[in-house]
Each structure stands twice: as C-alpha cells, then as structure tokens.
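Student: Test case, fold it:
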Amino acid sequence: MNKKSGIYIHFPFCNVKCGYCDFYSIVNRKETIPYFIESVIKEIDLYFISNDLNKLEFDTIFLGGGTPSLIEPHYIEKIFKTLSNHINFSMIKEITIEANPGEASKKYLNGYKEIGINRISFGFQSLDDKLLKFLDRLHSAKQCILAFEEARIAGFENINTDMIFNIPGQSLDILSENLKSVIKLQPEHISSYSLTVEKGTMLYSNVSKGKVVMPDEELDYNMYEMTSSIMSDNRYSQYEASNYAKNDKECLHNLHYWNLDPYIAFGPSAHGYDGKKRWWNHKSLNLYLTLLKENKLPIKNSEILSTKNKFNEIIMNGLRTSKGINIEKLNRITNSINIDKKIQKWPQLVIQDKYLRLKDNDFMLLDEITADLFIA
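Tutor: As a prediction, the model looks like this:
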C-alpha cells in the first residue's frame with residue numbers, strides 16, 4: 001500500500017519581518033519572484049528525477065512562508081503544472097495557501113480558487129489593533145474581517161484563522177472578545193498558539209534587554225484553558241494541542257507531520273522527510289537560486305533517523321493529537337521499545353482502542369510528559 005504523503009513549498013517573501021517570527025523570510029525582494037518560481041520548478045524536476053517516489057501517494061499541498069499570498073496565481077499555477085508531470089494531481093484532496101489579511105486582494109483570491117487551491121489560512125493573529133501593532137502586523141482587525149468575507153465570496157469553503165495568545169498587553173477579556181469575534185465568522189478551522197520568544201528574533205532581543213516583559217506562566221495557562229473552553233462551547237473539536245476544527249475539517253497536511261508520514265519540501269529552508277531520512281535546504285535565497293541555476297539540488301544536509309530519534313519524534317508529535325499514537329505502528333517502527341513503566345507513571349495517559357493518548361485532551365502537561373517519555 002502506498003503511503004499518504006504531503007508536499008510543502010516555502011515562499012520566503014514578506015513585506016515586513018514580524019518581530020516574533022523565526023521562519024526564513026526576506027523583505028523587499030519581489031523582483032526576484034520570477035526567478036524564484038523558475039528555480040522551484042527546476043528543484044521539483046530535479047528531485048523527482050533523482051528519487052524513487054513510487055511508493056508515495058501525495059494527497060496534500062501546503063504553500064507556506066513567508067507570505068505566499070504575495071505571489072500571483074499564474075506563477076503558482078506553473079508550479080502545479082510541473083508537479084502534475086510527476087504526481088497524480090487528481091489524488092490531491094487539500095491545497096492550502098497561507099495569506100496575510102492586508103495583502104489578500106479579491107483578484108488574487110479568485111485566482112487562487114480558479115487554479116485549484118481549496119483551503120486558505122489567514123494569519124489574523126489578533127483582532128485588537130494595538131496588539132497587531134505590537135506584533136508588527138501590517139493589517140488591521142477590520143482588514144481581517146474583510147479578507148475573510150472576500151475569501152468566502154471567492155468560493156473558499158475551508159478557511160483557517162491563526163490566532164496568538166500570551167501577547168504582552170493582552171488580557172483574558174481581550175482574548176475572549178477576539179476569539180468570539182473570529183467564531184462569528186464561522187471558519188472551519190482555528191489555530192491558536194502561545195507567543196514564544198525565539199532566538200534570533202527582534203522579540204528575543206527586546207525581551208533580553210528588558211524592553212518587553214512577557215506574561216507570566218499562570219496567565220499563559222489561563223489563556224490556553226479559556227481558548228479550549230470557548231472552542232468547545234462553540235463546537236470546535238480540539239484535534240491537536242493548538243488546533244480546532246468543525247465538521248471534520250482538520251488540516252490534512254499538518255496531520256502528515258504529526259503522524260510522522262513522509263512529505264517532500266521545496267524552497268529555501270524547507271525540510272522534508274521520506275520515512276527514513278530527513279533533509280533540509282539552504283536557508284538563503286541567493287544560494288538557493290545559484291545552486292539551481294547550476295542544476296544542483298539546494299539540500300544543505302540530511303540525516304537518517306535512528307530508532308531512538310524516530311521513537312522520540314513519534315512521541316513528540318503523536319501525543320499532540322487527540323487521537324494519539326497507534327501502539328502497533330510505534331512498536332513496528334521502534335522495534336518494540338518498552339515504555340510501560342513510564343506510561344503508568346502518568347495518570348493523564350491512557351491506552352484506548354490501541355492508541356496511546358492524553359486523557360480528555362489534557363495537553364497542559366504535554367511538554368513535561370513527552371520529555372519524560374523520550375529516550376536519551
């Protein structure tokens with residue numbers, strides 16, 4: 001049986017670098033977009049020629065960034081046409097594009113829908129203009145609502161909204177009001193993440209210098225609990241620690257990551273996994289373009305996952321989901337590493353229908369539990 005797999009494509013272009021974001025992105029380089037598109041096309045062709053992918057059945061595509069919604073639809077269509085030379089495009093169930101609300105024009109939204117993109121993920125982050133300014137977002141709360149409505153008019157029936165909590169200056173009341181405003185729009189999917197301070201970001205620098213003080217752990221915890229409660233009250237099912245869906249509209253692509261399924265990836269800084277090996281591309285647009293001009297794949301490095309590393313990744317990703325970890329799959333992949341004693345230590349863990357999972361979606365101790373289960 002062929003393995004269900006996904007395809008990720010990284011578009012590094014942004015109009016501004018948000019202070020909290022540690023994903024690879026560049027600003028003021030739009031003139032390179034045509035060359036970038038041709039390079040992605042060449043990378044796809046080179047990769048499929050160089051690798052035997054017959055055992056993989058691709059059913060999702062995710063266009064991430066950066067800001068993919070800065071890319072004209074006809075460029076993305078060229079990438080899709082190239083992919084269709086190598087995969088059965090009719091098997092693709094979900095194609096997601098990430099979009100910034102302030103940059104999602106009606107023309108582009110209609111164009112994305114016409115070329116087959118059927119899911120859009122809006123980076124709302126907040127519906128409070130002061131908090132959006134703190135996050136260096138260029139859009140306003142009003143633009144979030146407008147972009148969502150335009151996406152509906154364009155025909156999108158599967159929309160995600162990204163939200164952030166644990167923002168300095170954000171209260172429980174502000175978060176509650178924002179979440180309820182988002183829910184009024186009735187998106188099929190809502191992601192809600194705690195703001196983390198990542199090394200190398202402007203936020204990290206400001207926190208280190210004492211210019212910004214992050215909320216304490218108790219408020220972070222209370223915001224997470226309140227988010228989960230509001231989602232549940234409004235019939236959004238929490239299928240992963242930070243993700244909620246209605247009407248079985250889980251993000252199929254992200255489920256590939258959490259289930260440790262294979263996925264291939266293109267673009268600068270992109271990471272891929274073929275079931276045995278992980279690889280990652282160079283984190284430089286200039287080097288990416290240069291290597292592909294020389295007909296070389298832009299892979300920086302790769303590693304074969306050891307049994308220990310596979311086990312730890314399955315634990316780390318699988319316990320994030322409400323479904324949990326298939327015990328039979330875990331034993332098959334990891335040669336039956338025994339963790340029975342560790343499982344018994346945690347009352348939050350339960351084995352039900354051959355799946356190891358957290359009881360009642362109790363994700364608050366997720367990091368502590370996974371760290372304990374890890375093999376050093």
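
Student: In contact with the nearest residue to Lys293 once chain neighbours are set aside, which residues are there?
Tutor: Computed as CB to CB, 6 or more residues apart in numbering, the closest residue to Lys293 that is not its neighbour in sequence is Ser39, at 7.5 Å. Backbone N, C-alpha and C define where each C-beta goes, glycine included. With contacts defined as CB atoms under 8 Å, 6 or more residues apart in numbering, Ser39 is in contact with Tyr288, Leu289, Leu292, Lys293.

Student: Grab the nearest non-local neighbour of the third one.
Tutor: What that stands for is Leu292. Going by CB to CB, 6+ apart, Leu292 has Ser39 as its nearest residue, at 4.3 Å.

Student: From Tyr75, how far out is the one you found?
Tutor: Here the distance between Ser39 and Tyr75 works out to 12 Å (CB to CB, to the nearest Å).

Student: sorry, back to before: report the mean per-residue pLDDT for the one helix or strand the residue nearest to Lys293 maps to.
Tutor: In this assignment (DSSP states H and E), Ser39 forms part of helix 33-50. The average of the pLDDT scores along helix 33-50 is 98.

Student: about what we covered before: now, of the contacts of Ser39, which are buried?
Tutor: Among the contacts of Ser39, the ones that count as buried by 16 or more other CB atoms under 10 Å are Tyr288, Leu289, Leu292.

Student: Adding distance to Leu365, write those residues out as CSV.
Tutor: Output for these, formatted as CSV (distance: CB to CB, whole Å):
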residue, distance to Leu365
Tyr288, 40
Leu289, 45
Leu292, 45
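
Student: Which of the residues you listed fall in strands?
Tutor: With DSSP state E as the criterion, strands contain none of the buried ones among the contacts of Ser39.

Student: quick check, nearest of these to Asp52?
Tutor: Leu292 (21.3 Å; CB to CB).

Student: Wait, that closest one touches Glu43, no?
Tutor: Yes. With contact defined as CB atoms under 8 Å, Leu292 reaches Glu43; the gap is 5.7 Å.

Student: Between those two, which contacts overlap?
Tutor: Pro298.

Student: what's the neighbour count on the nearest residue to Thr96 once chain neighbours are set aside?
Tutor: Spatial nearest neighbour of Thr96, excluding adjacent residues (CB to CB, 6+ apart): Arg119 at 4.2 Å. For Arg119, the count of nearby residues is 25 (other CB atoms under 10 Å).

Student: I'd like to know how far Arg119 sits from Ser205.
Tutor: Distance, Arg119 to Ser205, by CB to CB: 35 Å.

Student: next one: Thr227
Tutor: 28 Å.

Student: The two: which is more packed in?
Tutor: Thr227 (23 against 14).

Student: which residues sit in contact with the more buried one?
Tutor: Met163, Phe165, Leu175, Leu179, Ser192.

Student: In helices, which of these fall?
Tutor: Leu175, Leu179 (DSSP state H).

Student: How is this structure partitioned into domains?
Tutor: As assigned by automatic domain parsing, the chain contains the domains 3-258, 307-373.

Student: Ends of the shortest one, what's the gap?
Tutor: Using CA to CA, to the nearest Å, the gap from the first to the last residue of domain 307-373 comes to 14 Å.

Student: How about stretch 184-191?
Tutor: For stretch 184-191, the first and last residues are 15 Å from each other (CA to CA).

Student: For it, which outside residues touch it?
Tutor: Contacts of stretch 184-191 (CB under 8 Å, 6+ apart): 121, 145, 148, 157-163, 179, 182-183, 231, 236, 242-247, 249-251.
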